[in-house]
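Engineer: Structure for the following, please:
(2 chains)
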Amino acid sequence: MRKENLSPEKIYLKDERFRISFNFSLQKMKNSLQEVGLINPPLVTVRKGRFILVTGWKRVLACLELSFPSIPVEVSEGEDDLQNFLIAIHENLAFRDFSLVEKAEIIHKLKNFGVKTNQLIRDYLPLLDIAPTAFSYEKYLALARFEPELKEVIDEKNIPFSVLQILSEFKLQARRLVLPLLTPLGQNKQKEILEDLQEVSLREEIAAEEILKTPEILEIQNSEKLSPLQKADKVRSLLRKRRYPSFSSWKESFDSSLRKMRWPKEIALKHSLFFEDENISVSFSFKNKKEFEESILKLKEMASKKEFNEIFSWASQ
Amino acid sequence: MTKSSPFPQKVYIEEESLNYPLTRRILKNLKQVPREIIRNPQQVLKRLQNSRDAIGEGKKYLLIAKQKGSFVKPCPCTPRYIGCNYFIINLVLNCPLDCSYCILQDYLSHPLITVHVNLEDLWRELDIFLGGRKGKYLRIGTGELGDSLVLDHLTENSEDLISYFRGKEKAFLELKTKTVEIDNILNLEPAENVVISWSLNSFKIAEEEEKGAPSIEERVKAAKRVSEKGFKLGFHFDPLIRYSGWEEDYAEVVKILLNTVDPLKISWISLGSLRFPPPLKLLIKQRFPHTKVIHDEFIKGKDGKLRYFKPLRLELYQKIISFIKGCGGGKIPLYFCMEDEEIWRKAMNWVPRGKEDVENFLSP
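Structural biologist: Reported below is the predicted structural model:
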């Protein structure tokens, strides 16, 4: 290792073999550089007469934007790419956590640098806080193969691994179409959309991208009136109905009976989860005897309506 | 256990199991299969850990071990559904067959096919257990955590078990299988309280989802031979699986079964629809990426397992029951595995008050 002063423009940034960080903002780094200058020199190595950056991407890119004429660098004289890459990993690990996309990149690069699968699973996955299993390994590799623009969104929106795991099972076109639907939603609903889409696709033997291109879904997607969250919720509801056709139709009949009866809103009437249990429950709140009696009267009135029996029709089949 | 890859490829023997008669018998029957004496199965399990398919890999090896806990346990059944008061003998754990839907993939703690060889402890435990039941009916079997007969050519356990139970009043032994490993049974005198039973499914499901298992025709033929020898029979249509054309396919199997086997020789038929704990779904997706059986309208049941939406289950059961009745099986005792009161009432027209009622119904 030797020290040298170098124009940042002399660093050949097109060679990203050691790069781990991709999506970051340079503003804070630029502020720091303007305030106190470059304290920690980036690490470079030389390949075919060119300076290749090993660590310090944020620093070098910020220096370039600030037009620093010359910066101090450490030059690694090792010719082993894997050794240099390990330096990059450990240097980063010392002061920050990796994002999921970064972990995927690291695994992919370790594989390309010739680390055997077994060793990668056994030694490197735990280093990255990943369970040392073949399954995790494959899922991260699949994520590494995602398109750059998708990785960017995933990083930006912090989409969790449990969701990415399912997303990685879709083809590129489906991934592109479904990602905008995921970003406005929370983790549970993201998973719900992906699982429903996948189930429908597998059961009906229709590609996921074709399902996402049906006129109903396209109309929602192209609507100018709906917000991204409203669009996502509407598509989610459509997919749910398609995944659970029998349940949805039973639920619709149940709800329609309540509507026909003009069931009072202040009294909750609920069937069991997925109608798995025959019991129906009623709940209401009251502050005094008068309110209690009013609710009882309303319930009696409901029970006397001829439509009341319809809510049990699903159970009498 | 496919025809191309005979089971086992290797046998591991726990050091402390070496001197049991059953160990010697298995090793004698295994002949040239490579063997290794081990102190602890963890040695082998560690090697399996990095495999892409540890469950599939484990199915290649036989572990001879000592049962350190109890052999006899109540069948775990499932919470909030009606059980049948069945008891299980944990003699063989896991199975070399590789059915896509198999619960054992998720249920067992390790993937090695394990035979417990300390039979003397089993007999002692059974003596105490049966003695404590004071003349109450008992149905007990070895086919819950493994196939009762798949290793019978190696263990010859059927002979020991039938000999033990012969003449034990009110204790019914069930040996449940998907195989045609009946040679040892055919050499035995039948016993009144022994039921040999087969898990059946449609031809399509057997062919596509029950890797390594004999065809339905072969199973039914084996049942016929066992019945002709004088043994009682049982059948389990479990898991019933919906797909396009299931009605015709199950009707055909029921027809073949009841045309081949005398319905009066059938002690019971159980029905159960496909159900599985959510983590098993992921395992099935990984191990059997082409299977479609897990992608139907499954909802979360009262026990947290995924099962068909209730009206779909009811339809399955009502149809199968009508096929059985329509083919001359009207007098065969039918029961559900892990279903609730509503399903019993709507499909069977009666509701057991609890598992003891089911047990009494199935006992002669």
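Engineer: going forward, measure contacts and count neighbours with C-alpha atoms only.
Structural biologist: OK.
Engineer: least trustworthy helix or strand in the chain by mean pLDDT?
Structural biologist: Just so you know, I chose chain A. Of the helices and strands making up chain A, the lowest-confidence element is helix A:148-156, at a mean of 88, by mean pLDDT, DSSP states H and E.
Engineer: oops, I was thinking of chain B
Structural biologist: Result, chain B / mean pLDDT, DSSP H and E: helix B:42-49, a mean of 86.
Engineer: Output the contacting helices and strands for it.
Structural biologist: helix B:54-58 (3 or more C-alpha pairs under 8 Å, 6 or more residues apart in numbering or on different chains; DSSP states H and E).
Engineer: Residues of the stretch 51-200 of chain A that sit close to chain B?
Structural biologist: Along the stretch 51-200 of chain A, the residues adjacent to chain B under the rule C-alpha under 8 Å from any C-alpha of the partner chain are A:118, A:133-135, A:199-200.
Engineer: which of the residues you listed count as buried?
Structural biologist: A:133-135, A:199-200 (16 or more other C-alpha atoms under 10 Å in any protein chain shown).
Engineer: hang on, the earlier thing: following element in sequence after the least confident helix or strand of chain A, please.
Structural biologist: Once the chain leaves helix A:148-156, the next helix or strand it forms, by DSSP states H and E, is helix A:161-167.
Engineer: That next one - contacts with which helices or strands?
Structural biologist: helix A:187-204.
Engineer: sorry, back to before: as CSV, the buried ones among the residues of the stretch 51-200 of chain A next to chain B with pLDDT would be great.
Structural biologist: What follows is these, written out as CSV (pLDDT from 0 to 100):
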residue, pLDDT
A:T133, 86
A:A134, 84
A:F135, 83
A:E199, 94
A:V200, 96
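Engineer: List the residues that contact residue 65.
Structural biologist: If you meant another chain, say so; for now it's chain A. A:E65 makes contact with no residue under the criterion C-alpha atoms under 8 Å, 6 or more residues apart in numbering or on different chains.
Engineer: let's do chain B instead
Structural biologist: B:13-14, B:16-17, B:114-117.
Engineer: which one of those residues sits closest to B:L264?
Structural biologist: B:V115 (34.2 Å; C-alpha to C-alpha).
Engineer: Helix, strand or coil: sort out the closest one for me.
Structural biologist: With DSSP: H, G, I helix; E, B strand; the rest coil as the basis, B:V115 sits in strand.
Engineer: Give me the distance from stretch A:270-281 to the chain's centre.
Structural biologist: Centre-to-centre, stretch A:270-281 and its host chain are 33 Å apart (C-alpha atoms, centre = their mean, to the nearest Å).
Engineer: outside of that stretch, which residues touch it?
Structural biologist: Outside stretch A:270-281, the residues that reach it (C-alpha under 8 Å, 6+ apart) are A:247, A:268-269, A:282, A:315, B:299-302, B:309-310, B:342.
Engineer: let's see 7 Å
Structural biologist: Identification of contacts with stretch A:270-281 by C-alpha atoms under 7 Å, 6 or more residues apart in numbering or on different chains yields A:247, A:269, A:282, A:315, B:299, B:301-302, B:310.
Engineer: how close does the residue of chain B most remote from its centre get to B:E15?
Structural biologist: Residue farthest from the centre of chain B, counting by C-alpha atoms, centre = their mean, is B:R39 at 29.9 Å. Separation of B:R39 from B:E15 (C-alpha to C-alpha, to the nearest Å): 5 Å.
Engineer: what's the answer for B:L119, then?
Structural biologist: Counting by C-alpha to C-alpha, the gap from B:L119 to B:E15 is 17 Å.
Engineer: Between the two, which has more neighbouring residues?
Structural biologist: B:L119 (19 against 15; other C-alpha atoms under 10 Å in any protein chain shown).
Engineer: pLDDT at that one, what is it?
Structural biologist: Note for B:L119: predicted pLDDT of 98.
Engineer: The helix or strand containing A:I52 packs against which elements?
Structural biologist: Using DSSP H and E, A:I52 falls within strand A:50-55. Counting contacts by 3 or more C-alpha pairs under 7 Å, 6 or more residues apart in numbering or on different chains; DSSP states H and E, strand A:50-55 packs against strand A:43-47, helix A:81-93.
Engineer: Now do that strand, average pLDDT.
Structural biologist: Average pLDDT, strand A:50-55: 95.
Engineer: mind listing what's buried in that strand?
Structural biologist: A:51-55.
Engineer: returning to that earlier point: need the CA coordinates for the least confident helix or strand of chain B. PDB is fine.
Structural biologist: These are the backbone C-alpha positions of helix B:42-49, laid out as PDB (Å, rounded to 0.1, in the frame of the first residue of the first chain):
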ATOM      1  CA  GLN B  42     -25.700 -34.500  13.900                       C
ATOM      2  CA  GLN B  43     -22.500 -35.500  12.000                       C
ATOM      3  CA  VAL B  44     -24.700 -36.600   9.100                       C
ATOM      4  CA  LEU B  45     -27.200 -33.700   9.400                       C
ATOM      5  CA  LYS B  46     -24.400 -31.200   9.200                       C
ATOM      6  CA  ARG B  47     -23.400 -32.600   5.800                       C
ATOM      7  CA  LEU B  48     -26.900 -32.400   4.600                       C
ATOM      8  CA  GLN B  49     -27.300 -28.800   5.700                       C
END
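Engineer: low-confidence ranges in the stretch 151-300 of chain B?
Structural biologist: For the stretch 151-300 of chain B, applying pLDDT under 70 flags no range at all.
Engineer: For it, which segments count as helices?
Structural biologist: Secondary structure of the stretch 151-300 of chain B by DSSP state H, counting those that start in this stretch: the helices cover B:152-155, B:157-165, B:183-186, B:203-209, B:216-229, B:246-260, B:278-287.
Engineer: contacting residues around the fifth one?
Structural biologist: It refers to helix B:216-229. With C-alpha under 7 Å, 6+ apart, helix B:216-229 has contacts from B:178-180, B:186, B:190, B:200, B:203, B:206, B:233, B:257, B:260-261, B:265.
Engineer: So what's the gap between stretch A:93-106 and the chain middle?
Structural biologist: Taking C-alpha atoms, centre = their mean, one finds the center of stretch A:93-106 at 16 Å from the center of the full chain.
Engineer: Sounds good, over and out.
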